[in-house]
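Undergrad: Predicted model and sequence below, questions to follow.
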Amino acid sequence: MKAVRFKHTNGLTFEQGEINLPEANDDQVLIKVEHVGLSFIDTKVANCPCEDTPNRVFGIDAVGTVEKACKTGFPEPGTRVFWHGDIREQGTMSEFAIVPSHALTVLPANVDGKLAAAAIAPAMCALIALFKLQLNRGDTILIEAAHHPVGQIAVQFAKQLGVGVAACTQAKHKKLVEQLGADLVYTEDSLSALAERLQQHFGEAEVQGALDLTGTQTQQLINHLVFCGRVSCLAGLPAIEQHVLMKKAPNIGIVSLCGSWLSNSVCAQQRMAFIGNVLAEKLEKDEVKLSHLGSVLANNDILIETLDKLADDKNITFFCAEMPFN
């Protein structure tokens, strides 16, 4: 079958080639790939040379149709599905892919496959981050870099939970974040004046939860938490001064979509599929808005350009790749 592979022989390059059609075992499903989502996670995979597999197939998230079911018969052939794949295995930019049946989520018939593919990683990150924060209706969340695709979806999901949303972003994205539903949009580079703004808008100078997307202002976000508040971090955990930790005693959660695969935990992989069910329901009810959706062709120059955009903290676009051989 045809596939888009990547290698690092002379810098990062992508090329179309042929690989053997994968053979599924009893617990795996053979899927005809339709759309591949691209996210900030792909930028990390693309820039991590894999010496053991120098010509790996690219792609992690995908939407496709079941070609051959596993031994249980579910999901049955013809069913549209989506998934977030194992970064250690061959990717999804190919005519077919094999995926463990327990990691698949059924995609409702009325949902656009391109939209679903582009939303997979950002929406799953947002959902997991919010689950970790354990916010209640009436609480307030502080979202850093709210213009980021994960931030955009987190704003929407938080509002659907009845949570007050304070969003930090750049001035040029203020209108976008407001349209997504943020109650307070803060555009200053320094967070020093944020407490006053929170007090004026929500009646409290501190928030119950924070979403840290870039890892560049983690300590400042924690400073704005209530005592024992929660923060969800997507970019790892930088050094935090001890006096801040002692003063705030924050509950810190790390969001890692690839962790369910890296830990070889079937239970965690199943939970990812359950989170996918939440996303599928929201997509079906049109409760997920992608403000900017870019559809790109999966060739070398365009993929390099798209990954550069995704690696930029200023990016606001969700991306879906079209296979050149479909």
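TA: Sure, I can see it. In this text, all values refer to a predicted model and were calculated from it rather than measured experimentally.
Undergrad: Domains in the chain, by residue range?
TA: Following automatic domain parsing, one finds the domains of the chain at 2-107+292-322, 124-254.
Undergrad: Residue 272: which of the ones you listed is closest?
TA: domain 2-107+292-322 (6.3 Å; Cβ to Cβ). Yep, even glycine has a C-beta here, placed from its N, CA and C like the rest.
Undergrad: Now find how far off-centre that closest one is within its chain.
TA: 14 Å (Cα atoms, centre = their mean, to the nearest Å).
Undergrad: State the mean pLDDT of that domain.
TA: Domain 2-107+292-322 shows a mean pLDDT of 91.
Undergrad: ok, longest helix in the protein?
TA: Criterion DSSP state H: the longest helix present in the chain is helix 113-133.
Undergrad: Quick one: name whatever helix or strand follows it.
TA: strand 140-143 (DSSP states H and E).
Undergrad: What helices and strands are in contact with that following strand?
TA: helix 149-160, strand 164-168, helix 194-202, strand 207-212 (3 or more Cβ pairs under 8 Å, 6 or more residues apart in numbering; DSSP states H and E).
Undergrad: Residues touching that strand, excluding its own?
TA: By Cβ atoms under 8 Å, 6 or more residues apart in numbering, the list of residues contacting strand 140-143 from outside reads 130, 133, 135, 151, 154-155, 158, 163-168, 182, 194, 198, 202, 204, 207-211, 213, 221, 224.
Undergrad: and these, which are buried?
TA: 130, 133, 135, 151, 154-155, 158, 163-168, 182, 194, 198, 202, 207-211, 213, 221, 224 (16 or more other Cβ atoms under 10 Å).
Undergrad: still on that earlier bit, using TSV, lay out the domains of the chain together with distance to residue 286.
TA: What follows is the domains of the chain, written out as TSV (distance: least, Cβ to Cβ, whole Å):
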stretch	distance to residue 286
domain 2-107+292-322	14
domain 124-254	11
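Undergrad: Out of those, which gets nearest to residue 268?
TA: domain 2-107+292-322 (10.1 Å).
Undergrad: Endpoints of that closest one, how far apart?
TA: 13 Å (Cα to Cα, to the nearest Å).
Undergrad: try stretch 243-262
TA: Note: stretch 243-262 ends 33 Å apart using Cα to Cα.
Undergrad: Off-centre distance for that stretch?
TA: The answer for stretch 243-262 is 17 Å, by Cα atoms, centre = their mean.
Undergrad: Buried residues in that stretch, which are they?
TA: Those would be 244, 248, 250, 253, 254, 255, 257, 258, 260, 261, for stretch 243-262 by 16+ other Cβ under 10 Å.
Undergrad: hmm, who's touching it?
TA: Here stretch 243-262 makes contact (Cβ under 8 Å, 6+ apart) with 41, 84-88, 121, 124-125, 128-129, 132-133, 219, 222-223, 225, 227-234, 236-237, 268-269, 271-272.
Undergrad: Please produce a PyMOL select command covering the buried subset of these.
TA: Of those, the buried ones can be selected in PyMOL as follows, counting by 16+ other Cβ under 10 Å:
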select buried, resi 41+84+85+86+87+121+124+125+128+129+132+133+219+222+223+225+229+230+231+232+233+234+269+272
